[in-house]
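Novice: the following comprises the amino acid sequence and a computationally predicted model.
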Amino acid sequence: MALLLRSEKHRVYSYLCSAASAVSAAFWSLLVLLNGTSTFVLDVPSAMGDYAIRLDALGALVLLITSLTFACVAMYSLFSREGITSRGASIFNLFMLSVLLAMVADHLLLLLVAWEATSLTSFLGAWGSREDQDTAAGWKYLAVTHFGAALIIVALVFLSTTSGEVRLSEMHGLSATLGPLTSAVVILLAFLGFGSKLGILPLHIWMPDLYSRSPSTITALLSTAASNVAVLVLVRIIFDMVGVGDQHMLSLLVMGMAATTALWAAWQALVQRDGSRVLAFSSMENMGLILLTIGAAMLFQSYGAAEPAAFAIMAAMFHLINHTVFKSLLLMGVGTVRRAAGEWDLEKLGGLARTMPGLSAVFLFGTLAVAALPPFSGFVSEWAMFKSLMHAEPIADPLIRIALPLAIAVMALCTAIAAAAYLRLFGFTFLGRPRSNGAARPRPLDRVEIFPLVPLAALCLLLGVASFPLLEELTSAVSPLVGATGIQVIEGYSINFLHQGGLNPLGLSALLAGAILVVFLVLRATGKRKVVLGDTWDCGTTLDRRTQYTPTGFSQPLMRVFKQVYRPHTEVKEEPHPSIYIRTVRFEQALPEMFTAHIYQPLVAATVAVAMRVKRMQSGSIQAYLAYLMIILIVLLVVLR
Amino acid sequence: MQLSDLLLNLAEVLFILLSSPLLAGVIRKVKSWMQCRQGPSVLQPYRDIWKLLHKSTVVSKEASWLFLIIPYVCLGAMVCLAMMVPVFTTGPSGGVGDMVAVIYILGLFRFMMVLGGLEGGSSFGGMGSSRELMISAIVEPTLLLSIFSVAAISGTTDLSAISAHFAGQGLSGISPTLFLASAAIFISLMAENSRVPFDNPATHLELTMVHEGMLLEYSGRELALMDMASYVRLTMFMVILSNVFFPWGIALGMEAGELALGVGSIALKLLVLAISVALVESVMAKMRLFRLPNLLTISFTLSLLAVMSYYIL
């Protein structure tokens, strides 16, 4: 297990160590996959029994990919010199330790402590190293994540006291003893608690700010590793520890919250100017889709359809694994662009594919994967998530049979809009003409800086093309959660569940590659192509960096279509105003932050108002305080008599 | 897959590739007749592609390495699509993906074409790309919901199986769901393939163009590829519409007679669809860009109604 050396002098070694320990964690998960669940009970007495860590097949699959990603991120930090300070290195290592611990924790206290450590180390990592520091972003994150942690503590401690167990793996199906209402409340508490890390509305306000302000290595891990822990534990709580029972309404509520989150995030991702913010909303969107699928699994489970439920969880976990790879790739790619060009604003980037072809190629892989296009990994998992929503047959309730198509519609809309957002991110960073001096002459990249991204890009393709072994393992790992046995997901060479239409990722990729190759060869055979270099079509005016589409202009049509969602304040000023010839035009557009304005500001105002009221009690006279103590003592004596 | 199936699939791909320019020519011819013009010959698209293939390519100095790869990926994706969709027969068609995968292949085509529009930093390219994305953001959910409705009826998303299901049922398979879904798909067909009222394929007026704007920087062989890919896309939409929603006549077995009937029926259906596309284009005017979402929302609602009608009726 991750042995951590925190040598302050040799920072380089500490990153190497973290990469090595990540690889060792990956080996451990491989061992678990081969030999079955492994449990270690640490002989350290705590307040409640012995600490224990446990890794089952599901955890091992997620841990495998997460630790490989960790290794790549560690190598990236080393080569790119991002966050290479003794403080950065030690925080990175601590973060990794806490995430890995949280992923394998089998003891209530260990999980809570590790989860808290994850929050704290990511907060510290996001905190210091950048000049344009926005302290509010960090504090927002800390506040929201602690609110979430409080909910988790309530839920888990309640479960623990009800069952009398501290080992998480010993709690099973507690909904029978809890009753439907209580278990629904517990599930909702856990959902919101872990949702605070995943960006469930309205607990998402910290995400875009933190992502745009932190080093890309920290956000790459926060968006992937921490989310993985959250989803993993959430799935265990919902399906194993508590159990769904027959809670249709709870499932619908979860699906509704997840769908709103995903849709909102997709819309927001489309209009952001900062690549990191696009990716922050993209994380929200992906997590929303994953939770939507998990909600659908709860729905199936609540109607006793265990097999579709298992398939849905399998699809969600597969997407979670894929998300780990492509999102860390993209976040580090955006970080590299930012360091090379010195610009974060999409309005000032462009044309980098000509100056940084290698980076643009790996980034394109990540973009295609996140936009769910064949044959990349995101496509296979999104395909599976779509298919998992198409199993409405076992349910007779007409309301539910209409809810599932609606979920499909939402998912399709999210996918389409989010694909537009990723296209915009790639297109306006790498294509077109440079929109600033920094983008025109970026700092040349060392080859080693891109090197850690290459395995991630390869994984994006590999997880899509050859996903069978992983899918089979995932299916057998999630089946026990819903009490389904002998589920056959792979049929021949295709992912074909219940004979309802299959997908053969390997065949599809081969067909696609073959078709492209044939087209190329046929045209090659007709003779060599003459290529002449020319100018972009300019209608007779010289083109400069301003005479091209901007990212803001690019998203205007969709913004106008969904005007009711964005409610933009647009102002166009023409100067000088009363004149036939307009010399300059000023265009200003502000998007209101709806959740801050309508939820958080009233909340803050109310808290301040209450505090002002309470302040009157603080008169400063010692007699008054003695009186308060007296009153409280009497009340306590009366109540606890 | 057996050798005969493979040969049949290849024959289908060749049929699609060879007939798509003809369909584009037919549409143009019918539109000319409607405007009391003689119009170019139906073979004109072939001549255009032949001419373009022999021209040299002009590449913008500001385009990147991706620019020249995109046309191959686009046409390759369409060839792949032609393998995946049943054309003459409901026999195994490629066997690699179902209808959801088909939509994602269309998505790959669109994504690549839109990226091509952003290459070189041309304003028209950016404009075309941005508008294309607006349209496709609503078309994609429509397509998926329409599929869901037919998948719900036939119990599978496999294209061949859907086709066989409806063809096997005969005329008793007709239901309101089918009509609503096919209407939604028809509107999506017009939108995705840049036909009037969404876009005017005949004009090169900067302010109105969507599809042509994205292709503005392409020339020579690459333009031929992109044009060809667009023709094939239109044909594939028509094939999906006819073979999934009205598959009667498609060959259910592998006998020569059935196959001949299958070839004849798909050719007839494609011709009818091409003529109806031309008629719709002739009687309608191009809509203002920001009126389009209304029409697209109608098609989205139709597809949602299709699903609802299946569960309620």
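Specialist: Thanks, I have it. This is a predicted model, so every value here is computed, not measured.
Novice: ranges for the strands of the stretch 51-200 of chain B?
Specialist: Under the criterion DSSP state E, counting those that start in this stretch, the stretch 51-200 of chain B contains strands at B:57-60.
Novice: who touches the residue in it positioned nearest to chain A in this structure?
Specialist: Taking C-beta to the nearest C-beta, chain A has its nearest neighbour within the stretch 51-200 of chain B at B:G126, 2.4 Å off. The C-beta positions use only the backbone N, C-alpha and C, and glycine is treated the same way. By C-beta atoms under 8 Å, 6 or more residues apart in numbering or on different chains, the contact set of B:G126 is A:432, A:548-549, A:553-554, B:117-118.
Novice: now it: how far from A:T536?
Specialist: 11 Å (C-beta to C-beta, to the nearest Å).
Novice: A:L108 too?
Specialist: In this view, A:L108 and A:T536 are 62 Å apart by C-beta to C-beta.
Novice: any residues of the stretch 251-400 of chain A in contact with chain B? List them.
Specialist: A:350-351, A:353-354, A:357, A:360-361, A:364, A:368, A:371-374, A:379, A:382-383, A:386-387, A:390, A:392-393, A:398 (C-beta under 8 Å from any C-beta of the partner chain).
Novice: mind redoing it with 10 Å?
Specialist: Taking C-beta under 10 Å from any C-beta of the partner chain as the measure of proximity, the stretch 251-400 of chain A contacts chain B at A:266, A:270, A:350-357, A:360-361, A:364, A:367-368, A:371-376, A:378-380, A:382-384, A:386-387, A:389-390, A:392-393, A:398-400.
Novice: name only those of these that count as buried.
Specialist: Among those, those classed as buried by neighbour count (16 or more other C-beta atoms under 10 Å in any protein chain shown) are A:266, A:270, A:350-356, A:360-361, A:364, A:367-368, A:371-376, A:378-380, A:382-384, A:386-387, A:389-390, A:392, A:400.
Novice: does B:R37 sit in a helix, a strand or a coil?
Specialist: With DSSP: H, G, I helix; E, B strand; the rest coil as the basis, B:R37 sits in coil.
Novice: hmm, it is touching B:V30, no?
Specialist: No. In this structure, B:R37 sits apart from B:V30 without contact. The criterion is C-beta atoms under 10 Å, and the distance is 11.0 Å.
Novice: quick check: the closest residue to chain B within the stretch 501-641 of chain A vs B:G121, distance?
Specialist: With C-beta to the nearest C-beta as the measure, the residue in the stretch 501-641 of chain A that lies nearest chain B is A:Y549; the distance is 2.4 Å. A:Y549 sits 8 Å away from B:G121, going by C-beta to C-beta.
Novice: what is in contact with these two at once?
Specialist: Counting by C-beta atoms under 10 Å, 6 or more residues apart in numbering or on different chains, the common neighbours of A:Y549 and B:G121 are A:350, A:432.
Novice: so which strand or helix has the residue nearest to the spatial centre of chain A?
Specialist: The C-alpha lying nearest the average C-alpha coordinate of chain A belongs to A:S283 (C-alpha atoms, centre = their mean; 3.4 Å). Taking DSSP states H and E as the criterion, A:S283 maps to helix A:275-302.
Novice: any low-confidence regions in chain B?
Specialist: Low-confidence segments of chain B, defined by pLDDT under 70, are located at B:1, B:92-94, B:206.
Novice: which stretches of the stretch 151-300 of chain B form helices?
Specialist: Assigned by DSSP state H, counting those that start in this stretch, the helices in the stretch 151-300 of chain B fall at B:159-169, B:176-192, B:211-215, B:220-240, B:256-283, B:292-312.
Novice: report the distance from the shortest one to the chain centre.
Specialist: It stands for helix B:211-215. Helix B:211-215 sits 16 Å away from the centroid of its parent chain (C-alpha atoms, centre = their mean, to the nearest Å).
Novice: look at the residue nearest to the centre of chain A and report its pLDDT.
Specialist: Reading off the per-residue confidence, A:S283 sits at a pLDDT of 93.
Novice: of B:R37 and B:V30, give the one with the bigger neighbour count.
Specialist: Set side by side, B:R37 and B:V30 give different neighbour counts by other C-beta atoms under 10 Å in any protein chain shown, the larger being at B:V30 (20 against 10).
Novice: who touches that one in this structure?
Specialist: If a contact means C-beta under 10 Å, 6+ apart, then B:V30 has B:39, B:42, B:274-279, B:281-282 as its contacts.
Novice: what's the angle between the helix or strand containing it and helix B:256-283?
Specialist: Taking DSSP H and E as the criterion, B:V30 maps to helix B:3-34. Relative orientation of helix B:3-34 versus helix B:256-283 (axes from the mean of the first three to the mean of the last three C-alpha atoms, to 10 degrees): 30 degrees.
Novice: buried set for helix B:3-34?
Specialist: By neighbour count, and taking 16+ other C-beta under 10 Å as the criterion, the buried residues in helix B:3-34 are B:5, B:8-9, B:12-13, B:15-17, B:19-31.
Novice: can I assume the residue of the stretch 501-641 of chain A closest to chain B sits in a strand?
Specialist: No. With the criterion set as three-state DSSP, the secondary structure at A:Y549 is coil rather than a strand.
Novice: picking that back up, these two touch, right, the residue nearest to the centre of chain A and A:A269?
Specialist: Yes. Counting by C-beta under 10 Å, A:A269 is a contact partner of A:S283 at 9.4 Å.
Novice: can you name the residues bridging to A:D50?
Specialist: Beta-bridge partners of A:D50, counted by DSSP bridges, are A:P45.
Novice: so how far is A:V157 from it?
Specialist: When distances are taken as C-beta to C-beta, A:D50 and A:V157 turn out to be 18 Å apart.
Novice: now do A:K528
Specialist: 73 Å.
Novice: looking at the two, which one has more neighbours?
Specialist: For A:K528 versus A:V157, neighbours defined as other C-beta under 10 Å are more numerous around A:V157 (13 against 6).
Novice: what residues does A:I153 make contact with?
Specialist: Applying C-beta under 10 Å, 6+ apart as the definition, the contact partners of A:I153 turn out to be A:108, A:112, A:115-116, A:189, A:193.
Novice: what's the answer for A:T355, then?
Specialist: Contacts for A:T355 were tallied using C-beta under 10 Å, 6+ apart; they are A:340-341, A:430, A:434, A:439-445, B:64.
Novice: kindly report the same for A:R616.
Specialist: Residues touching A:R616, when contacts are defined by C-beta under 10 Å, 6+ apart, are absent altogether.
Novice: got it, and A:M390?
Specialist: Under the contact definition (C-beta under 10 Å, 6+ apart), the residues listed for A:M390 are A:296, A:308, A:404-405, A:408, A:497-498, A:500-501, B:100, B:144, B:147-148, B:151-152, B:155-157.
Novice: what's the closest non-adjacent residue to B:P197?
Specialist: Beyond its immediate neighbours in the sequence, the residue positioned closest to B:P197 (C-beta to C-beta, 6 or more residues apart in numbering or on different chains) is B:M287, lying 4.3 Å away.
Novice: mind checking how far the one you found is from B:L205?
Specialist: In terms of C-beta to C-beta, B:M287 sits 15 Å off from B:L205.
Novice: and for A:S479?
Specialist: Relative to B:L205, and taking C-beta to C-beta, A:S479 is found at 59 Å.
Novice: tell me which of these two has more neighbours.
Specialist: For A:S479 versus B:L205, neighbours defined as other C-beta under 10 Å are more numerous around A:S479 (21 against 10).
Novice: distance of that one relative to A:I495?
Specialist: Distance of A:S479 to A:I495, computed by C-beta to C-beta: 16 Å.
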